[in-house]
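Visitor: coordinates only, sequence not included:
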C-alpha cells in the first residue's frame, strides 16, 4: 500500500547519498570497532526506508521524504557523536557526570530533536497522503450491474446511446485511476473531484435514459405522424366549411393540434440537442482523460489540478441545466 510505484532522479540521488553514508558508517564500525558508528548507520537505513515508502510518485512527496530522511540522518549522526563522547572518553578532562551533561546538551538532545522532527515530517506526509488517497472504483462491475431501466432492445439508436454510456463510464474509470496515482497533487480536491466524476457519469446515464424513453415512446411516435395529418385534414375542412359555428369549432380544434405540434417540434429539437450534448459530453470526458495522461508524464501542480476539477464541476452543472430543460419540455408535451 505504502510502497512507491516508481523512482525519480531525486529518489535515486537520495538513495545513493544515504547508502554511501550507511556503508561508510558500517565500515568504520567494523574497523574501529566503535559502537557509536552504528547510530549513523541506523539513521541512513531508516532514511532510505522513508524514501522507499514515500507513498506517491510525485516530486513533492519525494522531496518531503528526502527532507525527513536528511533530518533523521543528521539527528542520528549528532547522537552518534554524543554516544562516542560517552563511550570513548577515557582521556576526557571531565568527570563521567560532567561528560554526560555535555554530551546530552550538545549532542544527544539536539540530535534526538532533529530525528523526531524528521520522523514527524514523514508521518504527517503519510497521514496527508492517506487522507487524499482515493480507491479506484470497479466501474466495469458497475456497468455489468445495470438496473432494469436498461432493458434489452433492438432499437439501433438506443444501442448507440448505450455505447456512449459505456464509453463515458470507461473514461470515468480511467480518470479515477489516474487521479489515484496523482492523488498528492489533487490534495483535498480528490473527494470532491471523485463525487463530481460520479455525478458526471450519472448525468450521462440520465441523458441516455431520456433519449431512450423518447425513442421508445409509442404515443410520441404516433403523434408525430398523426398530428400533422390532423392539422392538414382540419385545414381542408375549414376551407370548405361555411357554417360559422362549425368553423369556430374547427378553428378551436385546429388551435389545439397546432399547439401540440409546436410542443412536438420543440421536443424534437431538444432531443436532437440532447444527442449532440451526449456526444460532446463523452468527448469532453475523453479530452480530460487525455489531458491527465499527458500530465501524468509530468508533474501536476495544485493549480492545474484545481482547474481540472473545476472543469468537471462545470460539465456537471451544464448537464443539470440540460436535463431540467428536457424534463420541462417532455412534461409539457405529455400534458398537451
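Guide: Happy to help now that I have it. Since we're looking at a predicted model, the values are computed, not measured.

Visitor: name the spans of the stretch 151-300 of the chain whose pLDDT lies under the cut-off.
Guide: Low-confidence segments of the stretch 151-300 of the chain, defined by pLDDT under 70, span residues 151, 181-192, 295-300.

Visitor: now with 90, please.
Guide: Applying pLDDT under 90 to the stretch 151-300 of the chain picks out residues 151-224, 238, 240-244, 260, 263-300.

Visitor: residue 74 touches residue 112, doesn't it?
Guide: No - with the criterion set as Cβ atoms under 8 Å, residue 74 and residue 112 do not qualify as a contacting pair; they are 11.5 Å apart. Where C-beta positions appear, they are placed from N, C-alpha and C, glycine not excepted.

Visitor: neighbour count winner among the two?
Guide: For residue 74 and residue 112, the more surrounded residue by other Cβ atoms under 10 Å is residue 74, and the numbers stand at 19 against 16.

Visitor: so who does the more buried one touch?
Guide: Contact criterion Cβ atoms under 8 Å, 6 or more residues apart in numbering gives 43, 111, 114, 118 as the residues in contact with residue 74.

Visitor: equivalent analysis for residue 48, please.
Guide: 14, 15, 18, 19, 22, 69.

Visitor: what helix or strand does the fourth one sit in?
Guide: Secondary structure here is read from DSSP states H and E; on that basis residue 19 sits in helix 9-31.

Visitor: go through that helix and flag the buried ones.
Guide: For helix 9-31, the buried set under the neighbour-count rule, 16 or more other Cβ atoms under 10 Å, comprises 11, 14, 15, 17, 18, 21, 22, 25, 26, 28, 29.

Visitor: now render the residues you listed as a markdown table, adding distance to residue 326.
Guide: As requested, these are exported to a markdown table (distance: Cβ to Cβ, whole Å):
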| residue | distance to residue 326 |
| --- | --- |
| 11 | 52 |
| 14 | 56 |
| 15 | 58 |
| 17 | 62 |
| 18 | 61 |
| 21 | 66 |
| 22 | 66 |
| 25 | 71 |
| 26 | 72 |
| 28 | 76 |
| 29 | 75 |
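
Visitor: of those residues, closest to residue 272?
Guide: residue 11 (53.7 Å; Cβ to Cβ).

Visitor: got phi/psi on residue 243?
Guide: phi -70, psi 120 (degrees, to the nearest 10).

Visitor: repeat that for residue 242.
Guide: phi -110, psi -20.

Visitor: residue 112 now?
Guide: Per-residue torsions, residue 112: phi -60, psi -40 (degrees, to the nearest 10).

Visitor: per-residue pLDDT of it, please?
Guide: At residue 112, the pLDDT value in this model is 82.

Visitor: same check on the one 3 residues further on?
Guide: Per-residue confidence (pLDDT) for residue 115: 80.

Visitor: in this structure it contacts residue 77, no?
Guide: No - under the criterion of Cβ under 8 Å, residue 115 is not in contact with residue 77, lying 9.6 Å apart.

Visitor: residue contacts, residue 264?
Guide: 220, 223, 224, 227, 333.

Visitor: mind redoing it with 6 Å?
Guide: Remark: with contacts taken as Cβ atoms under 6 Å, 6 or more residues apart in numbering, residue 264 is in contact with residue 224.

Visitor: quick one: name whatever helix or strand follows the helix holding residue 19.
Guide: helix 38-52.

Visitor: what about the helices in this protein?
Guide: For the chain, the helices defined by DSSP state H cover 9-31, 38-52, 59-87, 96-103, 109-132, 139-144, 156-181, 183-186, 189-216, 218-240, 244-296, 302-335.

Visitor: which one of those helices is the most hemmed in?
Guide: Highest mean neighbour count of these: helix 183-186, a mean of 24 (counted as mean count of other Cβ atoms under 10 Å).

Visitor: ok, now which ones touch residue 46?
Guide: Under the criterion of Cβ under 6 Å, 6+ apart, the neighbours of residue 46 are residue 72.

Visitor: for the helix holding residue 19, which helices and strands make contact with it?
Guide: Contact partners of helix 9-31 among helices and strands, from 3 or more Cβ pairs under 6 Å, 6 or more residues apart in numbering; DSSP states H and E: helix 38-52, helix 59-87.
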